[in-house]
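Trainee: here is the input, now give the coordinates:
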Amino acid sequence: MESLDRWADRQYRRAAEFMMLSVSPVGVTKLRPGFGQTIRPIPGSVVASPVLASYDPDPDYFFHWYRDSAVVLDALRVLFEDGTVGDEALGHLGDFVRFSANLATLDGRLLASAPEWRRSVVEDFKKFVRSDEELAEVRGQAVAADTRVNPDGTIDISRWARPQHDGPALRALTLLRWHNSVANDRELKRSLDQLINADLSFVLAHGATSCYDIWEEERGVHYYTLAVSQAALAAGASWLHASNRHEQARACAEQAKRIGGTLEGYWSDAGYYRSRVLDGGGRSSKELDIAVLLAAIHAGPEGGDTADDPRMHQTLRRIESLFEAEYPINQNRPPHRGPALGRYSGDVYYSGGAYYFSTLAAAEFCFRAAATRDREQLLRRGDSYLETVRAYTPDSGELSEQFDKTTGAQTSARHLSWSYAAFITCIAARRAVEG
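Mentor: Numbering: from 1, shown residues only. As a prediction, the model looks like this:
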């Protein structure tokens, strides 16, 4: 059998190749006849999946999500830094920054005041279209809270869970990590700085306020959004201090500290970090959620030493126990394989099964933690999750969103860019601790 190292190296290259299909997919045209739309992506857009699906049965993920696109651009940075992708990565970054900056000029009032486009919407689809009142609110900072846009840079007219506040924080983190790579390109650096400033302003105003969770299902104040907001503000404060913008830096640092205090309150007597506090104070069945572990991964070192937090390790153990019990594919598995992980208990989206990025997040968390404690033990544990991903990855290297909890067959969105990005950052963390 091929060694895990050799397989991981080969799958890393394939993940890079497949992920790039979602970056500036300008050769693909998406028809949404029910909505009367023809979507032609422009440079800088990043689609969640380049597959042209319309819930037939695969979902339509041909959108530029703020969160997903930031995750992909961060993985592209990793590929650039290790030489897997050359200077074309800087071109993609420049396109992404320009695309993102131009979104700030969107104004939903223009759609609301020009009803002609509604005549192109098929009768059966009108119930899926946003009202004029809702569209008219999409302007200013509300654009960055609008969850997703079309990859041609236009407002998404379909009803969806909005607002969502994690995207600008993740984008700021990603661009701050890219910053040193563009030092010699003054024009790109200037555009980058402007976008970072805008994102930090958004996070200052909205990063600790109520919104929808990363699964776009429940409204409240969420651990994930708080964690990436804290990390973005902490990193932003350091960046602003270095630029002698001390007043703005203090504001970011103070808000980061306040959010840190709020996060402490998410520790539950049940022995894990709660994923959410719902509006109205009700309890959610989704409090034990892989989103908390994803927060530790995506916030990164800027979010503090979460990989060394015993409570985060305890949360992972609770998540492991949950899915070991719920998923048939985790029963009687070989001893060298860890459990396949999903999102939360009782998930019913598509197969309600395991997610590649969930299982990879557990592996990456273990690899990051191995840099500071229990190196050999945590490396083995991370590798056990990686072995599970290998077991459910076809020879082609293609990764969907989920693999079925009973059969292991791939389900939901095919060629999910987040799945590939998660593989890339996971292997980078493994290589870093292995030396």
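Trainee: contact partners for residue 72?
Mentor: 19, 22, 23, 46, 417, 418, 420, 421 (CB atoms under 8 Å, 6 or more residues apart in numbering). Yep, even glycine has a C-beta here, placed from its N, CA and C like the rest.
Trainee: where do the helices sit along the stretch 301-435 of the chain?
Mentor: With DSSP state H, counting those that start in this stretch as the criterion, the stretch 301-435 of the chain has helices at 310-326, 356-369, 375-391, 417-434.
Trainee: so for residue 232, which of those sits nearest?
Mentor: helix 417-434 (17.2 Å; CB to CB).
Trainee: coming back round to it: can you lay out the helices of the stretch 301-435 of the chain as JSON lines showing mean pLDDT, distance to residue 300 and mean neighbour count?
Mentor: Output for those, formatted as JSON lines (pLDDT from 0 to 100; distance: least, CB to CB, whole Å; neighbours: other CB atoms under 10 Å):
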{"stretch": "helix 310-326", "mean pLDDT": "97", "distance to residue 300": "13", "mean neighbour count": "17"}
{"stretch": "helix 356-369", "mean pLDDT": "98", "distance to residue 300": "9", "mean neighbour count": "27"}
{"stretch": "helix 375-391", "mean pLDDT": "97", "distance to residue 300": "17", "mean neighbour count": "19"}
{"stretch": "helix 417-434", "mean pLDDT": "97", "distance to residue 300": "9", "mean neighbour count": "24"}
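Trainee: dump the ones you listed to TSV, plus distance to residue 185.
Mentor: Output for the helices of the stretch 301-435 of the chain, formatted as TSV (distance: least, CB to CB, whole Å):
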stretch	distance to residue 185
helix 310-326	37
helix 356-369	30
helix 375-391	36
helix 417-434	24
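Trainee: for residue 203, find the nearest of the ones you listed.
Mentor: So among these, helix 417-434 is nearest, using CB to CB, at 21.1 Å.
Trainee: just to revisit the earlier point, state the pair within the contacts of residue 72 that is farthest apart.
Mentor: The span of the contacts of residue 72, defined through CB to CB, is set by 23 and 418 at 12.7 Å.
Trainee: SS state for the residue lying closest to residue 41 once chain neighbours are set aside?
Mentor: Computed as CB to CB, 6 or more residues apart in numbering, the closest residue to residue 41 that is not its neighbour in sequence is residue 151, at 3.8 Å. Residue 151 carries the three-state label coil when classified by DSSP: H, G, I helix; E, B strand; the rest coil.
Trainee: residues near residue 151, how many?
Mentor: Residue 151 has 28 neighbours, counted by other CB atoms under 10 Å.
Trainee: which residues does it contact?
Mentor: 25, 30, 39, 41, 42, 45, 46, 47, 62, 63, 64.
Trainee: could you rerun that using 7 Å?
Mentor: 25, 39, 41, 45, 47, 62, 63, 64 (CB atoms under 7 Å, 6 or more residues apart in numbering).
Trainee: separation between residue 355 and residue 406?
Mentor: 15 Å (CB to CB, to the nearest Å).
Trainee: that'll do, ta.
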